[in-house]
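Trainee: Quick one: sequence and predicted model below, then my questions.
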Amino acid sequence: YLKLLTQLFGDRLQIANATGCSSIYGGNLPTTPWAKNDEGRGPAWSNSLFEDNAEFGLGMRLAADLHTALAKQRLEQLRAEIDDDALVDGLLSGPQETMHELRIQYRRMQDLYAKLDQLSGPLVDDLRSVADHLMRRSVWIIGGDGWAYDIGSAGLDHVLASGRNVNILVMDTEVYSNTGGQASKSTPLGAVAKFATGGKTTNKKDLAMQAVAYGHVYVARVALGEPDHRLQPLHQPRHRHAQGPGAAVQGGGLRSLAADAVQPGAARRRPEPVPARLATSADLLEGVPHR
């Protein structure tokens, strides 16, 4: 799942990773599921605690939105100095839903940097520091069921209720895997686990229904064994602006929880094919659509 996120979102991907198995195999070197492109650019990753990872990821979204707003404000203030209305208008309002549109935005940003190199002043420096936020970010909050169902569940619920455009991936193993397989609220009724050797006596918590109850959250259950169904929930955020919070997709065993924020009744597009490798700047500059 983590490799797939890298393939789909590349260096636009920003991750808040809860403590647990995924933070250990995702944050240690020399091996890592997170990839980079030919320029050495890849996702921005950071790890937080069990109890506040959802809030940590929400903070990433709020910061990205603030930087985007500042970049647009500075760009408008420097419109006369940049002296290219088509470039400024494209950067401010150009669509960024399909890969082709994102490539066009990337080319606009390279043109902007070239123009900024010929200018000077506090506003120019300010714009240069936040101009990369003119490319739409994909913020993902990631963790296991110990975080999402138990220790961090209050924060996760807060994020789902926030209405912010975030995505959530819960890798549900139905036990506390990192600490030896203790039962969690995700463990099914009757399952044998540490501290539940006679079989768990309560039902598995339905995290997906909790998210669905808000009405503005898109929820999908995914599994690696079904390629089309796996790609749609993970890939759709790439080319859709969503005003609601990221939704949780739940499952256990080989299944996992993934999330994407959409507005109620938002139109769904046919997902684009997953790239065989990460896009490079050369690919982006070509601006060739891939669907």
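Mentor: Everything's here; your move.
Trainee: which residues in the stretch 51-200 of the chain form helices?
Mentor: For the stretch 51-200 of the chain, the helices defined by DSSP state H, counting those that start in this stretch occupy 53-77, 79-82, 85-93, 99-116, 122-130, 145, 153-162.
Trainee: Which one of those helices lies nearest to H235?
Mentor: Nearest to H235, of all the helices of the stretch 51-200 of the chain, is helix 99-116, at 10.5 Å by Cβ to Cβ. Heads up, the C-betas are built off the backbone N, CA and C, glycines and all.
Trainee: what is the orientation angle of the closest one with helix 85-93?
Mentor: Relative orientation of helix 99-116 and helix 85-93, computed by axes from the mean of the first three to the mean of the last three Cα atoms, to 10 degrees: 120 degrees.
Trainee: could I get the helices of the stretch 51-200 of the chain as JSON lines with mean pLDDT?
Mentor: Listed next are the helices of the stretch 51-200 of the chain as JSON lines, based on pLDDT from 0 to 100:
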{"stretch": "helix 53-77", "mean pLDDT": "96"}
{"stretch": "helix 79-82", "mean pLDDT": "96"}
{"stretch": "helix 85-93", "mean pLDDT": "96"}
{"stretch": "helix 99-116", "mean pLDDT": "93"}
{"stretch": "helix 122-130", "mean pLDDT": "96"}
{"stretch": "helix 145", "mean pLDDT": "87"}
{"stretch": "helix 153-162", "mean pLDDT": "92"}
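Trainee: if you compare these, which one is most tucked away?
Mentor: helix 145 (a mean of 29; mean count of other Cβ atoms under 10 Å).
Trainee: Not counting that helix itself, show me its contacts.
Mentor: For helix 145, contacts defined as Cβ atoms under 8 Å, 6 or more residues apart in numbering pick out 170-175, 184-186, 252, 257.
Trainee: Of those - the most surrounded one?
Mentor: The most neighbours of any of the contacts of helix 145, using other Cβ atoms under 10 Å, belong to L257, which has 31 neighbours.
Trainee: By mean pLDDT, point me to the weakest helix or strand of this structure.
Mentor: In the chain, no helix or strand scores lower on mean pLDDT, DSSP states H and E than strand 255-261, which sits at a mean of 35.
Trainee: And the pLDDT for S186?
Mentor: We have a pLDDT of 85 for S186.
Trainee: Let me fix that, I meant to ask about V175.
Mentor: 86.
Trainee: likewise Q118?
Mentor: We note a pLDDT of 95 for Q118 in this prediction.
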